[in-house]
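A.B. asks: Okay, predicted coordinates and the sequence, questions at the end:
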Protein chains: 2
Amino acid sequence: MTTTLDTAAVPLTIDDATADLLFREARTVKRFTDEEVTDEHIAAAYDLMRWGPTSMNISPLRYLVVRGTEAKDRLCAYTMEGNHAGIHAAPLTLVLAADLDFHVHMDRLAPHAPGIGDHFASQPALADSMGRMNATLQAGYFITALRAAGLQVGPMGISDAEGLDADLFAGTAWKSLFIVNVGHAVADVEGATHPRAARLESHEVSRVL
Amino acid sequence: MTTTLDTAAVPLTIDDATADLLFREARTVKRFTDEEVTDEHIAAAYDLMRWGPTSMNISPLRYLVVRGTEAKDRLCAYTMEGNHAGIHAAPLTLVLAADLDFHVHMDRLAPHAPGIGDHFASQPALADSMGRMNATLQAGYFITALRAAGLQVGPMGISDAEGLDADLFAGTAWKSLFIVNVGHAVADVEGATHPRAARLESHEVSRVL
């Protein structure tokens, strides 16, 4: 594929407003209103995203809900200083993580594959790579689902993931991936979002075998 | 969060039919109709998913389109034998990959961060981890976008990713992640999908700091 394909003629199954909401007009948000985001609101997004496919249905994504100055300060210790103001400005910040002990749930998640939990338990390197990859895939579903639930997001990296895990996830096998500020965007205010950055065209990112 | 949260009262911004299409009723598909899937159709899904956020907008996801017996046979050499019939039965199979040379596009993708491309070019370990993580995140957007474009998907693992990369991605820095069979599901036929597997409840996957 070396030329731009005409995709305008392809009918989408979702309507234009939804395509804009979830994808085309969705923006990374830096400034949020004071409106609260409840645990139920996040759980509603989770209840959508959890149906997305993972390898063997291992479903390793986990999330930590961080609210309030004290908890935010504790989180900020593991992020770049340039992100601290943004974390504090959001009504809620999620730490997305992969649970490398996902094997404990496999009897329920994959009853069609008896013993698969023990298989993962006995192969920690496999559990590590599959857990992180599938949780990251689920993070893509989650970001889309948060938007479907009417929330806006601002993802940010973690500068000291090992330190965060040792502190906030002590006693678990949760391994942090990245954080997501969540809330409602300040409308039409300069600085609420970054300027829109370009994306690559389909012919630049694809080949045909 | 140790109890089930009442999410039924949380209004979604998308309608119920769309929530079912993209998430709640979407299923991993094993058997497809013969209906062709065009490059334009895949590009239409790409044109949606490409707007999803990535770190510094690095946008490393790439995809290889595989059609026809000869190309499918070449791909199957790098997948488990149990998956070969499914790969051949799909009208089209995508190989999703991370381009670890994403730095070459950074002047266009991140004009607000001059020199960031050179930064990534000089740190291959960082480019590897960021490229794979962000491409996997984009794969989550892509699976959702393929469904939004009216297609059904069946993701599968790759058993010999290094071999695949050396063969199908020779001369590039593309690193394969997993494959996705794409097409239209056979309606109401036993075996078209797996039995629906359970998912974890929000209180089982979350904590509050």
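C.D. replies: Looks like it arrived, so ask away. The shown structure was predicted, so the numbers you read here are calculated from the model rather than taken from an experiment.
A.B. asks: from what I can see residue A:141 touches residue A:47, true?
C.D. replies: No: taking contacts as Cβ atoms under 8 Å, residue A:141 lies outside contact range of residue A:47: 11.6 Å. For every residue, glycine as well, the C-beta is placed using N, CA and C.
A.B. asks: Looking at the two, which is more packed in?
C.D. replies: residue A:141 (28 against 23; other Cβ atoms under 10 Å in any protein chain shown).
A.B. asks: contacting residues for the more buried one?
C.D. replies: Neighbouring residues of residue A:141 by Cβ atoms under 8 Å, 6 or more residues apart in numbering or on different chains: A:48, A:49, A:52, B:23, B:140, B:143, B:144.
A.B. asks: now residue A:38
C.D. replies: Residue A:38 neighbours (Cβ under 8 Å, 6+ apart): residue B:10.
A.B. asks: What number of residues are in the vicinity of the closest residue to residue A:128 other than its chain neighbours?
C.D. replies: Excluding its sequence neighbours, the residue lying closest to residue A:128 (Cβ to Cβ, 6 or more residues apart in numbering or on different chains) is residue A:100, at 5.7 Å. Here the number of neighbours of residue A:100 (other Cβ under 10 Å) works out to 20.
A.B. asks: Go ahead and confirm residue A:100 touches residue A:129.
C.D. replies: No: here residue A:100 does not reach residue A:129: they are 9.8 Å apart, not a contact under Cβ under 8 Å.
A.B. asks: and the nearest residue to residue A:202 once chain neighbours are set aside, what helix or strand is that in?
C.D. replies: Nearest non-adjacent residue to residue A:202, counting by Cβ to Cβ, 6+ apart: residue B:43, 3.9 Å away. According to DSSP states H and E, residue B:43 maps onto helix B:39-49.
A.B. asks: Quick check: which helices or strands does that helix pack against?
C.D. replies: helix A:202-205, strand A:206-208, strand B:61-66, helix B:124-148 (3 or more Cβ pairs under 8 Å, 6 or more residues apart in numbering or on different chains; DSSP states H and E).
A.B. asks: And the residue of chain A closest to chain B?
C.D. replies: The nearest approach of chain A to chain B comes at residue A:140, 1.8 Å away (Cβ to the nearest Cβ).
A.B. asks: Now do the contacts for that residue.
C.D. replies: B:52, B:136, B:137, B:138, B:139, B:140, B:141, B:142, B:143, B:144.
A.B. asks: From residue B:173, how far off is it?
C.D. replies: 22 Å (Cβ to Cβ, to the nearest Å).
A.B. asks: centre of the chain versus the helix or strand containing residue A:179, how much separation?
C.D. replies: Secondary structure from DSSP H and E places residue A:179 in strand A:174-183. Mean-position distance between strand A:174-183 and its chain equals 7 Å (Cα atoms, centre = their mean, to the nearest Å).
A.B. asks: Likewise for stretch A:135-142?
C.D. replies: 5 Å.
A.B. asks: Just the buried positions in that stretch, please.
C.D. replies: Applying a neighbour-count criterion of 16 or more other Cβ atoms under 10 Å in any protein chain shown, one finds A:135, A:136, A:137, A:138, A:139, A:140, A:141, A:142 buried in stretch A:135-142.
A.B. asks: Relative to residue B:12, which of the contacts of residue A:141 is nearest.
C.D. replies: residue A:48 (7.6 Å; Cβ to Cβ).
A.B. asks: Can you get me a residue count around residue A:49?
C.D. replies: 24.
A.B. asks: picking that back up, convert the helix holding residue B:43 to PDB, retaining C-alpha atoms only.
C.D. replies: Provided in PDB are the C-alpha atoms of helix B:39-49 (Å, rounded to 0.1, in the frame of the first residue of the first chain):
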ATOM      1  CA  ASP B  39      -7.700  -2.900   2.400                       C
ATOM      2  CA  GLU B  40      -9.900   0.100   2.500                       C
ATOM      3  CA  HIS B  41     -12.000  -1.500   5.200                       C
ATOM      4  CA  ILE B  42      -9.000  -2.100   7.400                       C
ATOM      5  CA  ALA B  43      -7.700   1.400   6.600                       C
ATOM      6  CA  ALA B  44     -11.100   2.800   7.800                       C
ATOM      7  CA  ALA B  45     -10.600   1.100  11.100                       C
ATOM      8  CA  TYR B  46      -7.000   2.400  11.200                       C
ATOM      9  CA  ASP B  47      -8.300   5.900  10.500                       C
ATOM     10  CA  LEU B  48     -10.300   5.700  13.700                       C
ATOM     11  CA  MET B  49      -7.800   4.000  16.000                       C
END
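A.B. asks: So what touches that helix?
C.D. replies: So helix B:39-49 is in contact with A:1, A:5-7, A:9-10, A:12, A:19, A:22-24, A:202-203, A:205-206, A:208, B:63, B:65, B:92, B:94, B:138, B:141-142, B:144-146, B:148-149, B:151, B:182, going by Cβ under 8 Å, 6+ apart.
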